[in-house]
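1. For reference, the sequence and a predicted model appear below.
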Amino acid sequence: PVTVEFTAKWRYYMNFCTTSYSFAFHNLEDWLNEVDWMALHGINMPLATMATEHTIAEAFGPSGLGLTEAELQNFFPGPAFLAWNRMANMDGPFGGPLSSDWRKERAAIMRTVYDRMREFDMTLVFPGFSGHLPCQLTRIYPDMKLSPRPHWQGFNSSCLLDPSDTKYFNILSKKYLETQTNIFGPTHYYAMDQFNEMVPEANATLEYLHDIAASTYNALTDYDQDAVWVMQAWFIVSISLCHRGTPSYCDSFWLKNSTQLEGEKNSSYLQQSTIPYPRAHAYLSGVPIGKLLILDLEANKYPVYPYTNNFYGHEFVWCMIHNFGEKTGMFGNLTDIALQATSARELAPQQFQGVGLTMEGINNNPVIYELGTEIAQSVAPNTPSQVKLWIQQYVWSRYSTYPYTTGTASATAAWYAMSDPSVSGLYSVWTDVSNIGYIYSSGLDLTKWVAPGFPPNNPVTPTEHNATNEIVTVRMLLTAAREMTSIPTTFSYDLVDSTRQALDNVLWDITCLLHGAFGRNNLASFKTILQTWLDVAEDMDRVLKTNVNFMLGPWIAAARATATDEGGIKEQNMLEFNARNQITLWGPGNGGPSINDYARKMWAGMVQDYYVRGRWGISFQEIHSAMVQGRACNVTRVAEMISTFEQQWQTNFSQHFETESVGDTVEVVQSALQRFNNTLQAYTKFDDMTVSENLLLQQSWIKDLETLAFLCSLDSSCLGFTSDGWLKAGNNKVEAEGVTLFLKK
């Protein structure tokens, strides 16, 4: 037997958002597989908020306190957005209705899942009662005292029962917790967040902040005297953001210091001048030490514990968000993960209680989550050299290879390149590259010739992102594939992911060429470049289609499959709308609230249909027409057409997307990269030389010579390029030490 010793008491798993971005449409088999993964990775404290809606309905609905089914359905948003209802951010009915039958089926699944978690000795963190409730309860208890609530992102606001109203707070808390225990079994750990991405009233006193936390905790312990409140530190992450160089957060509610709260100069919380951030201290001090477990939610980048005296003595879990919206970008600093978790353990030995994975979506970047769970073990790497050794072992494990197996050396070299900080490898930085590529971008500036969004030296995109390294890495993985006797499924996944990222970066550079041709009114070059853009986008879609993990079809099919027999086709369509909307508009849009593109996905189907046929195709068609007709682009018309397309796409339920993979990954990737190979032979090389006339306003992002040669070949106005990424519009050579010039023969 293999024995693994853990150095962290708690190994926490999940973010509220994970339950919607990753698990919204899980069936029982999916969930049991997930629990097995958790057990194999040492998770012993999962968040257990799924099917909370059934608890609320049973406690407060027709068989409980008396809300009607219609009132309940008005409270719950659709299945893809339930996480934000559970966090007290938004109410329904957007995306609904959530039928009683659907809620009951979800609850039946989760009872089995929670039992399975307990079989692995996992400590479940169930929701507590934080005061968030259906506003219609005021019909039953008209004298309840509600706290004012701002609208989160413009959606319907959640009502919050003021914890100072102890009469009703205790009644509703007890009713909710009793119902939850009866349905799903007991726990002593309860997740409650009263100010997630929201703040108290500006005039909230320190005593009030202390008292609402104390009242909430007291109501919890009136039901369970052994209860521990599990709280996300996300509501005070602004403290770390301010300290770490984002000044816009320095004036936020929780950062007011004693001199800024002079109206409360007699407050006992201001007498302890050495304690930072009195508002945060007052709120957290409402719960006794040892009874509050704080999740330092994004400690991988913005830890809060160092700036709050280790959360004023409360125990905490060092957590890693890593991913927002389950976007598909490859990124994450492996060395940072290992070193920072070790640092937290050393800096706060009394308060540090464990490590946690709190990503908003789990279906991406598996290497990050492998290391994220292993840092809780005694054998975890804690130096850069140990991390490099861990990467080697990760490759052996992931691809079931050994040091002398064919393909191992090339695969390991590719992973070293991906994690090498000296070349800004993907896994050496915290830059989410799903914000950097071009498929997702809002489009060209149709009014003037400027560098399109996200140039490499623009502060919007950190210079640490190395697009050149990615296409080189894909070539290394292809070399490994040619050497392997068989291709593991995990290798195919990684090859698709790496190629997807590389091609998206190539599209950025091709778009720069397009914009240049547009600016020079060179219609012939524009048409040639545009066709290549479309070809590369199609190549990307074909690559993605070789792996079901990168396809839109399975996501939609899973959503429709959760419909109940009673709900029929109407419920299936509602569920498909949820699946489509979450990954695109994230809200009604069209003048209504929308977190557009936040949970965007680079999936087969999405690329060719939503982005290329829709957003980009509409833009390209207008640019071409304007150039042919010699007029300015109709920017307003383009925006209207894109909006219309994206709105209609939400309910195009007759549209079918494939659910089975198509093609051999290695063969399709080789074909996609063929256009970038053997392109240099058309150029003459000149060392220590350059040309002063630049074709574009910025360098190419990818500085791989073969790719640069390919890019230059697309535009008749491009006569050559330099090794530092400048495409050239002239051929008069001048000396430039350290720069290599390539001119067309």
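-> On my side now, so go ahead.

2. So which residues of the stretch 401-550 of the chain form helices?
-> Ranges of helices in the stretch 401-550 of the chain, per DSSP state H, counting those that start in this stretch, are 408-418, 467-483, 489-520, 523-544.

3. looking at the ones you listed, which is buried most?
-> helix 489-520 (a mean of 23; mean count of other Cβ atoms under 10 Å). No exception for glycine: its C-beta is placed from N, CA and C like everyone else's.

4. Tell me which other helices or strands that one touches.
-> For helix 489-520, the packing partners by 3 or more Cβ pairs under 8 Å, 6 or more residues apart in numbering; DSSP states H and E come out as helix 384-398, helix 408-418, helix 467-483, helix 523-544, helix 665-674, helix 705-713.

5. Rebuild those helices as a markdown table, extending it with distance to Val635.
-> Output for those, formatted as a markdown table (distance: least, Cβ to Cβ, whole Å):
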| stretch | distance to Val635 |
| --- | --- |
| helix 384-398 | 47 |
| helix 408-418 | 39 |
| helix 467-483 | 29 |
| helix 523-544 | 18 |
| helix 665-674 | 33 |
| helix 705-713 | 27 |
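
6. I'd like to know which of those helices is closest to Arg637.
-> helix 523-544 (19.3 Å; Cβ to Cβ).

7. now the closest one against helix 489-520, angle please.
-> With axes from the mean of the first three to the mean of the last three Cα atoms, to 10 degrees defining the directions, helix 523-544 sits at 170 degrees from helix 489-520.

8. Among the helices of the stretch 401-550 of the chain, which comes closest to Arg398?
-> Of these, nearest to Arg398 by Cβ to Cβ is helix 489-520, at 4.9 Å.

9. I'd like to know which of the helices and strands packed on helix 489-520 lies nearest to Gln136.
-> Across the helices and strands packed on helix 489-520 (criterion: Cβ to Cβ), the nearest stretch is helix 523-544, sitting at 44.5 Å.

10. and that closest one, what's its mean pLDDT?
-> The pLDDT scores in helix 523-544 average 96.

11. nearest to Lys9, of the helices and strands packed on helix 489-520?
-> Of those, nearest to Lys9 by Cβ to Cβ is helix 384-398, at 22.7 Å.

12. one step back: and Thr358, which of the helices of the stretch 401-550 of the chain is closest to it?
-> helix 489-520 (21.9 Å).

13. So which elements touch the strand ranked longest in the chain?
-> Across the chain, the longest stretch assigned as strand under DSSP state E is strand 733-744. Here strand 733-744 touches strand 683-691, helix 705-713, strand 720-722, going by 3+ Cβ pairs under 8 Å, 6+ apart.

14. Distance to Pro554 and mean neighbour count added to those, as a markdown table?
-> Shown next, in a markdown table, are those (distance: least, Cβ to Cβ, whole Å; neighbours: other Cβ atoms under 10 Å):
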| stretch | distance to Pro554 | mean neighbour count |
| --- | --- | --- |
| strand 683-691 | 44 | 17 |
| helix 705-713 | 32 | 22 |
| strand 720-722 | 41 | 26 |
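
15. Quick check: the residue sitting nearest the centre point of the chain vs Asn364, distance?
-> Nearest to the geometric centre of the chain sits Phe324, at 1.9 Å (Cα atoms, centre = their mean). Per Cβ to Cβ, to the nearest Å, Phe324 is found 11 Å from Asn364.

16. Does Gln681 belong to a helix, a strand or coil?
-> Classification of Gln681 using DSSP: H, G, I helix; E, B strand; the rest coil returns helix.

17. what ranges do the helices span in the stretch 1-150 of the chain?
-> Under DSSP H, counting those that start in this stretch, the stretch 1-150 of the chain gives helices at 18-21, 28-40, 52-60, 69-75, 82-86, 100-119.

18. got the buried residues for the fourth one?
-> Using 16 or more other Cβ atoms under 10 Å as the test for burial, helix 69-75 gives Glu71, Leu72, Gln73, Asn74, Phe75.

19. List of residues touching it?
-> If you take Cβ atoms under 8 Å, 6 or more residues apart in numbering as the criterion, helix 69-75 is touched by 56-57, 60-62, 85, 91-93, 96-100, 134-136, 139.

20. I'd like the distance from it to the chain centre, please.
-> Relative to the centre of its chain, helix 69-75 is centred 30 Å away, using Cα atoms, centre = their mean, to the nearest Å.

21. picking up where we left off before, Thr7 is nearest to which of the helices and strands packed on helix 489-520?
-> Nearest of the helices and strands packed on helix 489-520 (Cβ to Cβ): helix 384-398, 14.6 Å.

22. helices or strands up against the closest one?
-> Going by 3+ Cβ pairs under 8 Å, 6+ apart, helix 384-398 lies up against helix 334-347, helix 366-374, helix 408-418, helix 489-520.

23. Quick one: closest of the helices of the stretch 401-550 of the chain to Tyr598.
-> So among those, helix 489-520 is nearest, using Cβ to Cβ, at 17.7 Å.

24. mean confidence for the closest one?
-> On average, helix 489-520 scores 91.

25. Just want the angle from it to helix 408-418.
-> Using the same axes, to 10 degrees, helix 489-520 lies at 50 degrees relative to helix 408-418.

26. now helix 489-520 and helix 384-398, what's the angle there?
-> Using the same axes, to 10 degrees: helix 489-520 against helix 384-398 is 110 degrees.

27. Start at 46, not 1
-> From this message on, residue numbering opens at 46, which makes the last subject helix 534-565.

28. Check the offset of helix 534-565 from the chain's centre.
-> 20 Å.

29. Could you do stretch 395-407 as well?
-> That offset, for stretch 395-407, works out to 16 Å (Cα atoms, centre = their mean).

30. what sits against Leu740?
-> Gly561, Asp760, Ser762, Cys763, Trp771, Leu772, Lys773, Ala774.

31. From those residues, pick the one nearest Ala393.
-> Trp771 (49.4 Å).

32. Skip ahead from the helix or strand of the chain with the lowest mean pLDDT and say which helix or strand is next.
-> Least confident helix or strand, the chain: strand 191-192 with a mean of 85, by mean pLDDT, DSSP states H and E. Downstream of strand 191-192, the next assigned helix or strand under DSSP states H and E is strand 204-206.

33. helices or strands up against that following strand?
-> Counting by 3+ Cβ pairs under 8 Å, 6+ apart, strand 204-206 packs on strand 177-178, strand 191-192, helix 211-229.

34. so what strands line up beside that strand?
-> strand 177-178 (antiparallel), strand 191-192 (antiparallel) (DSSP bridges).

35. so how far is the last one off the chain centroid?
-> Okay, so that is strand 191-192. 32 Å.

36. ok, residues contacting it?
-> Gly176, Cys180, Thr183, Cys204, Leu205, Leu206, Asp207, Pro245, Glu246.

37. Contact partners for the fifth one?
-> Listed by Cβ under 8 Å, 6+ apart, the contact set of Leu205 reads Ala133, Ser175, Gly176, His177, Leu178, Leu191, Ser192, Arg194, Gln239.
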